[in-house]
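Q: the following block contains a protein sequence and its predicted model.
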Amino acid sequence: MLGTGIEFYLVLVVFAIPGIVLGFTVHEYCHAAVATGYGDPLPRRQGRLSLNPGAQVDPLGLVLLLTVGFGFARPVIYNPMYVRRGRQRAWLAAAGPLSNLVLAAALGLLAKVVILTNPWVQTCSNPSFALPVMGIVYWLLVSAVYVNLVLFIFNLLPIPPLDGFGVAEGFFRGRHPAPFQWVEMHRTEIYVGLILVVLVLPQLLGGLSPLSIPAGLAFNWLWSHVATGAAPPIYFPNIAYLFLAGGQSLAGYLLHPCFIT
């Protein structure tokens, strides 16, 4: 049973990694590009104005995302002497999540091209190592679209150090400082609460992450408007899959090739 669970998990990891690496890289590059546009030389000096994944991806953050469901890239450091205004800091924070949304839409358009030129890929109802080449490309795109929507939604949570907090702080702290001061004073409790929500609550909900609901709705909406046809099922790596009851039949299902007409 454990072996088939590992097989199932590895399928999901292999198909998710390209989209995660791409999403992390573009996300952090856009932070660096906006800071540079405001005249800050620090991101360039630190090698962050780059689309090289090695400069942007944090290995630990990548592993955490592929195991427990949330992770992080290497954060871009900026000099507040150059990014001084609240609105500048807000747009700097927003650049990362917005880039993931744009990237998800662009990948959805690419998936549409794949579907129009190879209609049979839509019969590939699950990711699999046994798929033909275009079926693998199709599922890599499906996974990448979903991953970038997850990054978009998760990073917009108004919790430090996530970008959503930076956006809210940049736009509203000058007029309403009290809520932001309270958050900063209770960072530890907020982090513990976030970990409980991400790690414990899914177990109480039968493995369903709270983020999977808005991410699933966003995926279905974007796919129907950007790609073509019904949205495919979506999966995300999680070490809980290693211990799934009934993993043998589920893993076997995922490893079946699609039907090509």
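A: In hand now; what should we look at?
Q: run the chain-centre distance for stretch 74-88.
A: 23 Å (CA atoms, centre = their mean, to the nearest Å).
Q: how about it, which residues are buried there?
A: Arg74, Val76, Tyr78, Val83, Gln88 (16 or more other CB atoms under 10 Å). Just so you know, the C-beta spots here come from the backbone N, C-alpha and C atoms, and that holds for glycine as well.
Q: and the residues you listed, which is closest to Ala33?
A: Val76 (9.4 Å; CB to CB).
Q: point out where the stretch 101-250 of the chain drops to low pLDDT.
A: Applying pLDDT under 70 to the stretch 101-250 of the chain flags residues 198-209, 240-250.
Q: please enumerate the helices of it.
A: 133-155, 163-172, 177-185, 187-195, 201-204, 212-226, 247-254 (DSSP state H, counting those that start in this stretch).
Q: which residues touch the closest residue to Val21 other than its chain neighbours?
A: Using CB to CB, 6 or more residues apart in numbering and skipping the chain neighbours, the partner closest in space to Val21 is Pro53 (5.1 Å). Contacts for Pro53 (CB atoms under 8 Å, 6 or more residues apart in numbering) come out as Val21, Leu22, Phe24, Thr25.
Q: quick check: end-to-end length of stretch 49-63?
A: Chord length of stretch 49-63, first to last residue, is 24 Å (CA to CA, to the nearest Å).
Q: ok, Trp139 to Pro127 distance?
A: Counting by CB to CB, to the nearest Å, the gap between Trp139 and Pro127 amounts to 4 Å.
Q: what is in contact with those two at once?
A: With CB under 8 Å, 6+ apart, Trp139 and Pro127 have common neighbours Phe15.
Q: name the nearest residue to the spatially most central residue of the chain, sequence neighbours excluded.
A: When CA atoms, centre = their mean is applied to the chain, the residue found nearest the centroid is Leu151 (3.0 Å). Distance criterion CB to CB, 6+ apart; nearest residue to Leu151, sequence neighbours excluded, is Asn100 at 4.4 Å.
Q: pretty sure the one you found contacts Phe154?
A: No - Asn100 lies out of contact with Phe154 (CB atoms under 8 Å); the separation is 9.4 Å.
Q: and these two? Which one has more around it.
A: Counting neighbours by other CB atoms under 10 Å for Asn100 and for Phe154 shows that Asn100 has the greater number, 26 against 22.
Q: sec struct for that one, please.
A: Assigned with DSSP: H, G, I helix; E, B strand; the rest coil, Asn100 falls in the helix class.
Q: ok, now how distant is it from Leu149?
A: From Asn100 to Leu149 the distance is 7 Å (CB to CB).
Q: could you do Leu10 as well?
A: 23 Å.
Q: looking at those two, which has the bigger crowd around it?
A: The neighbour comparison of Leu10 against Leu149 (other CB under 10 Å) goes to Leu149, with 29 against 15.
Q: that one: what's it in contact with?
A: Contacts for Leu149 (CB under 8 Å, 6+ apart) come out as Asn100, Leu101, Ala104, Ala215, Ala218, Phe219, Leu222.
Q: ok, back up a step: which two of the buried residues of stretch 74-88 lie the greatest distance from each other?
A: Going by CB to CB, the pair spanning these furthest: Arg74 and Gln88, at 21.5 Å.
Q: check the offset of the lengthiest helix in the chain from the chain's centre.
A: Ranked by residue count, the top helix of the chain under DSSP state H comes out as helix 2-37. The chain centroid and the centroid of helix 2-37 are separated by 7 Å under CA atoms, centre = their mean.
Q: in that helix, what counts as buried?
A: Across helix 2-37, burial judged by 16+ other CB under 10 Å covers 4-5, 7-9, 11-17, 19-36.
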